[in-house]
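**Q** Next come a sequence and a model predicted from it.
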Amino acid sequence: MKSDQQQSRDEGPVWEPHVQELKKFTRSFSRDNMAKVVPLDRVSTTLEDVKRNSESLMLSAHSTFQKLRPPSMEGGILVGEPKKVEPLTVSKETSTFVKPGTPRRGYKKQNQRGRKMRRARSDNTIVKPKVSEELGPPMYAKDTFEWFSSLGSRKERQEGSQLFSFQLPSASELQEQAKLVHSKSAQHFERMAATLMTKPKEALSSAQQTLSNCQQNLQLLQVSLQQSFSEGRAVVEHRLQALGEPGSPFTSGERLQEILVQDRERDAMDDMSPTSVADEDGDASAKRPLGPFQRQVQKRREHANKRLGSSLKEDGRQITIVTTASLPWMTGTAVNPLLRAAYLAKDGSKSVNLMVPWLAKSDQERVFPNGMTFDSPQEQEVWVRDWLKKRTGFCPDFQLTFYPGRYAPEKCSILPVGDPTKYVPDSAADVAILEEPEHLTWYHHGKRWTDKFSHVVGVVHTNYLDYARREEGGSNKELLLRHINSWVTRIHCHKVVKLSDAVQDLPRQTTEFVHGVAESFLKVGEKKASIGKEGSSRFSKGAYFLGKCVWAKGYTELINLMSENKDKLADDLTVDCFGTGEDLPAVKSESERKHLGLHFMGARDHLDESLHDYKVFVNPSTSDVVATTSAEALAMGKWVVCADHPSNAFFSQFQNCLIYRNSDEFVKHMQYALTHDPAPMTGEDRARLTWEAATERFLNVSELTEKDISPHPISASIDTAAWLTHNTLCGVESLRAAAGAGINTKDNPESLLDYKPHASGGGMFDRTL
C-alpha cells in the first residue's frame, strides 16, 4: 500500500483540475476573440497573481502545521524529542520553496530581465511549485477547505495532549530539597531558642546577685541585732534601777511622768549632735553614739526631706533677698527685708545677699528724708550698715547689692529698671526671696525668676488693690490689677507668703506673719516696765500716729474718726502725726478746715527717744497688710488702738492691743487708753515679737514640697505660656510706657551711676499728680 505522501504525488496538486479547466476555457477562444474579449497580457497577469497567492497560502499552512505537529505520535502518547525544523522561504527567481542558506540561482539574470514576466502560452510556461519533503504529511483532502479542517483537528489534538504533559521530579531531587528545608528550619529554631533564653538567663543572674546581697544583709542585720539587744538590755536594766521594783513607791505615776518629761526635753535639746544622743540620766555633756537602727532612721528622714522638696534650714544655702526700697527711706519694704537678711545671716550657716534699688540724685531728693543724698552705692551701703548695727546691736555678715531703679511718684513706689536677675551670678542663684513679688515683676522683661533660681518665695507686703480702689475709676483698676498680680506671682514664684489675709488671694499662697521687731524696741519696753515697778509714771505724752503721709496709709480714716466723734472726745485730745509724703499738704488743709486736733511733726524714726514717752499708738489704716509700726509700739510697751481688720489679726492676741469695730468703740478705747497704763509685756508676748521667732516662722513656711518645685505638666505648661505672653508684652517699649513702666526702662543701663530717669513716666492707668 502506498503511503499517503506517495499517493498525493501521483494524484498531483489539488489545484491541477482547476488549471486543466482553465486551459480548456482558453482554447475555446480564437486569437481574435481573445483580443476582443480580454487582452492576453491581462490574462497572463491574472494567472500569475493566482499562482502567487496559492503559493503564499500553501507556505503559511505548511509553517503552521510544522509548528503545531508533535515530534512523533504513537497511540496518542508523546514520545521522543521534537525535531528542529528550519523555516522555508520562497525563491524570487524560481518561485519555489527553499531552505535557508540555499544559494539563489539566476539572481543577476532575473534582475536584468526586470520584474515583468513574459506571457504564458502553454503549460510549460507555468512553473509548478516544488515542495520539499520536510513540508509535512501528505494532504488527504480533495480540496483546500477539507485540508484546513484536518489541520485544525490536528491542532486541537496537540493542545489537548500538551495540557497533560508533565514530568515528575526524581527521588534524589526530592531528597536534596528535603535536606535544604530541614537545614533552614534548624537554623531558624536555633535563633528562636537563643532569643527566648536571653531574658531567663538575665533574670537568673539577677536573682543570684540578689541572693548574694540578701545573705550579706542578713549577716549585717545579725550583727546589728546582737549589738542592739545588748544596748537595749543595758537601757532596760538602767530604767528598772531608776523605777525600782514593781509595787515600790518609786514606780508611781509621778515618777514615770518625770522620766518621760526628761526624755522629751533631752530629744528637744538644740545642742544635740546629729550622730550622738545624751545618756539616760539626762546629762547632755555625756553622749553615746547612735545605734544602727537609729542611724538608719535618721538617714531615711534626711533622704525623705531631700526628696520631698527644698528647705532653707539646710546649711550652705545661698539666699538672695530682693526688695523695692532702701534706707534711709523709712518704709516697711526697706526696713523689714534688711532685718530679715541680718537675722538669716546671723548664725553664719547661710550666704545672704540683699539687693536694693539705687536711685539717681533727682529721685533721692524726692524720697530720702531731710534732703539726704549719696554720691555712690558704697557711700549708701556704709550708712545702711551703720543704721543696722544701731538697730540690732550686732554686725551681720551679708552682701549688699544695688540694682538700678526709678521712683514713680504716681505710684509712690520704686520700680526696677532692666532685669535685676542679671546682677546675680548663676553660681549664686539658689534661693530668691522676692519682697513684694507683684511689684517687682509688673514690668519684668527678662529671665523668669523660677528659671534662674531653684527656690523662689514671694512675701506680699502691700495691699495695692486698696490703693487702686481709692483712685478715679477705682473699681476697674482694682479688677485689672487683681488679675495682673495673680498672673505675675504665678509665673515667678514657687510659693507666696501673705503677711495677713488683708490682701487678695494669690496662687500657691500661705498666710503667716514673718516680720519681727528689733531688739532695740524690746529694750525700750523693758525699760518702761522697770520704771512702772518703782511707782512713777511711765508715759508723759498722749496719742500719736506714724506713717507715710498719703491718704491710703490711714490718714483718711483718722480724719473721718476724729471729725465724726469730735463731740464725744475730749476737747483737748490731740494726735501727733509723724511722717512725710505727697499728700501732706492736702491732709494738713483738710485737718485745719475741720478744726481737728492733728499736729504734723514731720518724719522721724520710730525708735527716736522723743517717741518713747507716748502712751497710745493710733493706727486706723485698713490698707496695710501688716503694720510694722503697730508691732514696734507693742514691743515698746504702749497701747495700740487699731481697727478690726485682717491686717491686725496677729496683734489681737496681745493684751495691750485694743480692737475697735465702729466709731463708738474707737471713742471708748481711746478714752480708756489715755486714762490707764498698759500692762507690762509677758515673756511669751515678747518672744512672739522677736526677729528670731519671725525668722523661724519664715523658714518653716517657706519650705517647698516636691509638688511645689515640679508641678503637674499641665500646670507647668500654663505657667510657661503665661510667662511667654507677659515677657513678650513687656518687651515692647511703647506698651511699657503706656502701662506706666517708664520710658527706656526695659534694658539694664551700662552702669548704675549713668542712669538718668525720664521726667514723665506715668501710664494710662496711673493717677494724675
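**A** That came through fine.
**Q** The nearest residue to residue 350 once chain neighbours are set aside: what's it in contact with?
**A** Nearest-residue entry for residue 350: residue 317, 5.1 Å, with adjacent residues in sequence omitted and distances by C-beta to C-beta, 6 or more residues apart in numbering. For glycine as for every other residue, the C-beta is placed from the backbone atoms N, C-alpha and C. Residues near residue 317 by C-beta atoms under 8 Å, 6 or more residues apart in numbering: 350, 351, 430, 431.
**Q** Kindly recompute the last result at 6 Å.
**A** Counting by C-beta atoms under 6 Å, 6 or more residues apart in numbering, residue 317 touches 350, 430, 431.
**Q** quick one: pLDDT of residue 187?
**A** According to the predicted model, the pLDDT of residue 187 comes to 80.
**Q** my bad, should have said residue 328
**A** The predicted local confidence for residue 328 comes out at a pLDDT of 93.
**Q** any idea where the strands of the stretch 251-400 of the chain begin and end?
**A** Counting by DSSP state E, counting those that start in this stretch, the stretch 251-400 of the chain has strands at residues 276-278, 287-289, 309-310, 318-322, 351-358, 399-408.
**Q** For the stretch 401-550 of the chain, give me the ranges with low pLDDT.
**A** 532-536 (pLDDT under 70).
**Q** In it, mark out all the strands, start to finish.
**A** Using DSSP E, counting those that start in this stretch, the strands of the stretch 401-550 of the chain run over residues 413-416, 431-435, 455-460, 495-498, 509-511, 541-546.
**Q** How about residues contacting the fourth one?
**A** It stands for strand 495-498. Contacting residues not belonging to strand 495-498 are listed as 457-460, 489, 506, 508-512, 701, 708 [C-beta under 6 Å, 6+ apart].
**Q** That one pairs with which strands, and in what direction?
**A** strand 455-460 (parallel), strand 509-511 (parallel) (DSSP bridges).
**Q** so of those, which one's packed in deepest?
**A** Most buried of the strands paired with strand 495-498 by mean neighbour count (mean count of other C-beta atoms under 10 Å) is strand 455-460; its value is a mean of 27.
**Q** Would you mind writing the CA trace of that strand as CSV?
**A** Backbone C-alpha positions of strand 455-460 (Å, rounded to 0.1, in the frame of the first residue of the first chain) are rendered in CSV as follows:
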residue,chain,number,x,y,z
HIS,A,455,13.7,78.1,95.2
VAL,A,456,11.6,81.3,94.9
VAL,A,457,9.4,82.6,97.7
GLY,A,458,7.4,85.9,97.5
VAL,A,459,6.5,87.9,100.5
VAL,A,460,3.5,90.2,100.0
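**Q** What lies in contact with it?
**A** The contact list for strand 455-460 (C-beta under 6 Å, 6+ apart) reads 310, 431-435, 437, 449-450, 489, 493-498, 503, 702.
**Q** by how many degrees do it and strand 318-322 diverge?
**A** 30 degrees (axes from the mean of the first three to the mean of the last three C-alpha atoms, to 10 degrees).
**Q** between strand 455-460 and strand 431-435, how many degrees?
**A** 10 degrees.
**Q** Going by neighbour count, which of the contacts of residue 317 comes out on top?
**A** Highest neighbour count within those, by other C-beta atoms under 10 Å: residue 431, with 25 neighbours.
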